[in-house]
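Provided below are the primary sequence and the corresponding predicted coordinates.
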2 protein chains.
Amino acid sequence: MREFAVLERIFEGNAGLPADVVVPPGDDMAAIRIGAGAASTPVCVLAATDSVIEGRHTPMGIDPFVIGRKAVLRNISDVAAMGNARPIATLAAVVLPAGMDEHAVWRLYEGLRETAEAWSAPLVGGDISSSESPSRKGGEDGRPPIIAMVTVLAVPVDPSHPVVLRSNARPGDRVFVTGTIGSGWDRTTGLGRHLDFTPRLAVGQQLARMLGPSLGAMIDISDGLGRDLGHIARRSGVRIEIDPARVPTDARGHGAPDDTQARLEAMSLGEDYELAFTVRADAADGVPSIIDGVPVTEIGRVLSGPASAVARSGEATFDLTSRGFEHGGGGVAR
Amino acid sequence: MREFAVLERIFEGNAGLPADVVVPPGDDMAAIRIGAGAASTPVCVLAATDSVIEGRHTPMGIDPFVIGRKAVLRNISDVAAMGNARPIATLAAVVLPAGMDEHAVWRLYEGLRETAEAWSAPLVGGDISSSESPSRKGGEDGRPPIIAMVTVLAVPVDPSHPVVLRSNARPGDRVFVTGTIGSGWDRTTGLGRHLDFTPRLAVGQQLARMLGPSLGAMIDISDGLGRDLGHIARRSGVRIEIDPARVPTDARGHGAPDDTQARLEAMSLGEDYELAFTVRADAADGVPSIIDGVPVTEIGRVLSGPASAVARSGEATFDLTSRGFEHGGGGVAR
């Protein structure tokens, strides 16, 4: 799933963008100014796109409703990460195995439509293609996977305030995370919360409203807490240090607070769809421990230094941005 | 490619849409109101999504640049069909065969990015996934197809005027088409203009500006002139009658004006990416015969009656909305 992770950066290398692109590629969503409203407040639209491929992001052969639902939820989670944003519409392009039965198509569509409506982002456009090329007859299970690509559009909740960017962490900030980490995805079964989760939209919006400019950077956790903190670190040009003992893991399987290896593994799994964010030090004590019923936990701090995200346990540090929990080059100090 | 054509209508069946969805699913683009600008003019964003699948919409094994380019061009063609619209941004989700070489990935990306920039719709977001599921090893040619799904965002050129809808044809209108029909796609080789065409964006914009409210319905021709006129007929609740002898075909392969079968075939092929539109009778004489270097040809008229699109040659009529050029049920009169 991460084979092309490095290549994803090509989407960030879009030089020479017009001034109307106020948030360029590389954040959870891009933002484009499309006009001026009352009192010259810019009117912006936010957009992001994300796919779900059966057999990679869900088990093969699952109810297609689940594929459609997850494709929408992943995108709503991107809206949540912008803080001051609410979804307004979705579009879906789906690729179906040739000969797929009509009931399954409807289930996919219902998963898309019902979830989109539940999140106030009605499905306003779509495209359906069939995926079997004449020279390919599918593999062992006889058919190619169902693919659902969803684009979500959003607008700022408060147009006079900015959205929350990955690039806005500063040395001195404290680092928080919502919910629990490492239990989104069961590596053995492919099942887990990632198939039906609650995007932290209300939490993100409340953080933005409550903290205003004291809210630093924010991201939704899809690649794994470690790698996603790495995205914030890289875009903000800061060092992020996490105390693994404070990372809120599900007790099941991720050991005691002093089991650093278990904690590092939890941070590497991904598919949590929680929010990680930083808060200016002078406002950090005001962050509630529960927002909208979701626990919020302080897990570390932002330092100056070369862009990096590490876990520090006593004198040992572990690079969080490399795959899994290898000790990355330069990431281990004594 | 049309296997799910009927099911595409599910995307139109989205009841209970909020009032902000000012153009609902079923047109070339949807439109959503996202605020109010100066003098309370609504600020709208338009959005559409379309895919290109290697082996279906392009030959297998083609330079991936062509796949990316076509995926953007198809979407720009949808913007053209809205008349009073200009593209502002694109997002792309691509699915790549596992193990695809990096140069090919770059070619795909360059096709997307360069084309998007050339049409002033910079690529602002993207997602890359790999397509091989563990249980599938591809087919005869050893790999699954490259898939590029693009979403385009647009805004009205003139926010105080409406966009042009498929549902706005009225009895009495006259029917026009740009360019030539039937030569977009070579059935034998899979090659043709559909791989590198000029979306009729400038033509659509000029028609909207020039004709104002006298411009009726408009659509871009992707499914075939006949079927696409059928979309206008169905959404407008009108009967459209075409004179096949007037349909501008490429001389190559589509015969003399009196070769009705050849003309019907040309109208059924699709992938023309021209515009078909209707104009109120009192303004129709003012439609130029060339706009922006592109020929514009009058081919028929709009009548009242049950929704249908037919070619009339003497006393015989041929249903244009059925697949190919069979004589559809009820479409043949004496």
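Here it is on my side, so go on.

Tell me which residue in the stretch 151-300 of chain A sits closest to chain B.
Going by Cβ to the nearest Cβ, chain B is nearest to residue A:151 of the stretch 151-300 of chain A, at 4.1 Å. No exception for glycine: its C-beta is placed from N, CA and C like everyone else's.

Now do the SS call for that residue.
Secondary structure for residue A:151, judged by DSSP: H, G, I helix; E, B strand; the rest coil, is strand.

cool, residue A:211 as well?
Put simply, residue A:211 is helix when judged by three-state DSSP.

Go ahead and confirm residue A:47 touches residue B:90.
No: at 9.4 Å, residue A:47 does not count as touching residue B:90 under the criterion of Cβ atoms under 8 Å.

overlap in contacts of the two?
Shared contacts of residue A:47 and residue B:90, defined by Cβ atoms under 8 Å, 6 or more residues apart in numbering or on different chains, comprise B:124, B:151, B:153.

Parallel or antiparallel, list what pairs with the helix or strand that contains residue A:36.
Element membership of residue A:36 [criterion: DSSP states H and E] is strand A:30-36. Here strand A:30-36 is paired, per DSSP bridges, with strand A:21-23 (antiparallel), strand A:42-53 (antiparallel).

tell me the most buried of these?
Compared across these, strand A:42-53 shows the largest average neighbour count, a mean of 26 (mean count of other Cβ atoms under 10 Å in any protein chain shown).

Packing partners of the very next helix or strand once past it?
Once strand A:42-53 ends, the next helix or strand along the chain (criterion: DSSP H and E) is helix A:64-80. Identification of packing neighbours for helix A:64-80 by 3 or more Cβ pairs under 8 Å, 6 or more residues apart in numbering or on different chains; DSSP states H and E yields strand A:42-53, strand A:86-96, helix A:102-118, strand A:147-155, helix A:201-211, strand A:215-220.

Following element in sequence after the helix or strand of chain A with the lowest mean pLDDT, please.
Ranking every helix and strand in chain A by mean pLDDT, DSSP states H and E puts helix A:251-254 at the bottom, with a mean of 61. Using DSSP H and E, the next helix or strand after helix A:251-254 towards the C-terminus is helix A:260-269.

Between strand A:147-155 and the strand holding residue A:36, find me the angle.
40 degrees (axes from the mean of the first three to the mean of the last three Cα atoms, to 10 degrees).

Pull out the buried positions in strand A:30-36.
Neighbour-count burial for strand A:30-36, counted by 16 or more other Cβ atoms under 10 Å in any protein chain shown, picks out A:30, A:31, A:32, A:33, A:34, A:35.

Then stretch A:174-186?
Result for stretch A:174-186 [16+ other Cβ under 10 Å]: buried residues A:174, A:175, A:176, A:177, A:178, A:179, A:180, A:181, A:182, A:183, A:184, A:185.

Am I right that the third one is in contact with residue A:280?
No: counting by Cβ under 8 Å, residue A:176 stays clear of residue A:280, with 12.0 Å between them.

show me where pLDDT drops low in the stretch 201-334 of chain A?
Along the stretch 201-334 of chain A, the model assigns pLDDT under 70 to residues A:251-255, A:323-334.

and residue A:292, how many neighbours?
16 (other Cβ atoms under 10 Å in any protein chain shown).

Tell me, how many residues neighbour the closest residue to it other than its chain neighbours?
In this structure, residue A:292 finds its nearest non-sequential neighbour in residue A:202, 4.5 Å apart by Cβ to Cβ, 6 or more residues apart in numbering or on different chains. Residue A:202 has 14 neighbouring residues, counting by other Cβ under 10 Å.

Residue A:123: neighbour count?
27.

Could you do residue A:75 as well?
Using other Cβ under 10 Å, residue A:75 has 33 other residues around it.

cool, and the one 3 residues further on?
Using other Cβ under 10 Å, residue A:78 has 26 neighbouring residues.

Also residue A:282?
Residues contacting residue A:282 under the criterion other Cβ under 10 Å number 9.

wait, it sits on residue A:214?
Yes: Residue A:282 lies in contact with residue A:214 (Cβ under 8 Å); the separation is 7.2 Å.

need the residues of the stretch 151-300 of chain A near chain B, please.
Neighbours of chain B within the stretch 151-300 of chain A, by Cβ under 8 Å from any Cβ of the partner chain: A:151, A:153, A:155, A:159.

run the last query once more with 6 Å
When proximity is defined as Cβ under 6 Å from any Cβ of the partner chain, the stretch 151-300 of chain A approaches chain B at A:151, A:155.

Residue A:54 contacts residue A:147, correct?
No: Residue A:54 lies out of contact with residue A:147 (Cβ atoms under 6 Å); the separation is 7.2 Å.

which one of these two has more residues nearby?
Under the criterion of other Cβ under 10 Å, the comparison of residue A:54 against residue A:147 puts residue A:147 first, with 29 against 22.

Identify the bridge partners of that one.
Counting by DSSP bridges, residue A:147 forms beta bridges with residue A:53, residue A:95.

got a list of what it touches?
Under the criterion of Cβ atoms under 6 Å, 6 or more residues apart in numbering or on different chains, the contact list for residue A:147 reads A:53, A:95, B:95.

hmm, 7 Å instead?
Going by Cβ atoms under 7 Å, 6 or more residues apart in numbering or on different chains, residue A:147 touches A:51, A:53, A:94, A:95, B:95, B:147.

Ok, residue A:31 next?
With contact set as Cβ under 7 Å, 6+ apart, residue A:31 has these partners: A:22, A:23, A:44, A:46, A:163.

Tell me how far the second one lies from residue A:234.
Which is residue A:23. Residue A:23 sits 16 Å away from residue A:234, going by Cβ to Cβ, to the nearest Å.

The first one too?
In this structure, residue A:22 and residue A:234 are separated by 20 Å, where distance is defined by Cβ to Cβ.

Report the beta-bridge partners for the residue nearest to the spatial centre of chain A.
Residue closest to the mean C-alpha point of chain A, counted by Cα atoms, centre = their mean, is residue A:220 at 3.3 Å. For residue A:220, the beta-bridge partners are residue A:275 (DSSP bridges).

In contact with the closest residue in space to residue A:230 that isn't next to it in sequence, which residues?
Residue nearest to residue A:230 in three dimensions, not counting chain neighbours: residue A:321, with 3.3 Å by Cβ to Cβ, 6+ apart. Contacts for residue A:321 (Cβ under 7 Å, 6+ apart) come out as A:226, A:227, A:230, A:308, A:309, A:328.

Is residue A:321 in a helix, a strand, or coil?
For residue A:321, the secondary structure call by three-state DSSP comes out as coil.

Also residue A:230?
In three-state terms, and counting by three-state DSSP, residue A:230 is helix.

Would you agree it is in contact with residue A:309?
Yes: with contact defined as Cβ atoms under 7 Å, residue A:230 reaches residue A:309; the gap is 4.3 Å.

okay, the two: which has more neighbours?
Neighbour count, other Cβ under 10 Å: between residue A:230 and residue A:309, residue A:309 has more, with 30 against 22.
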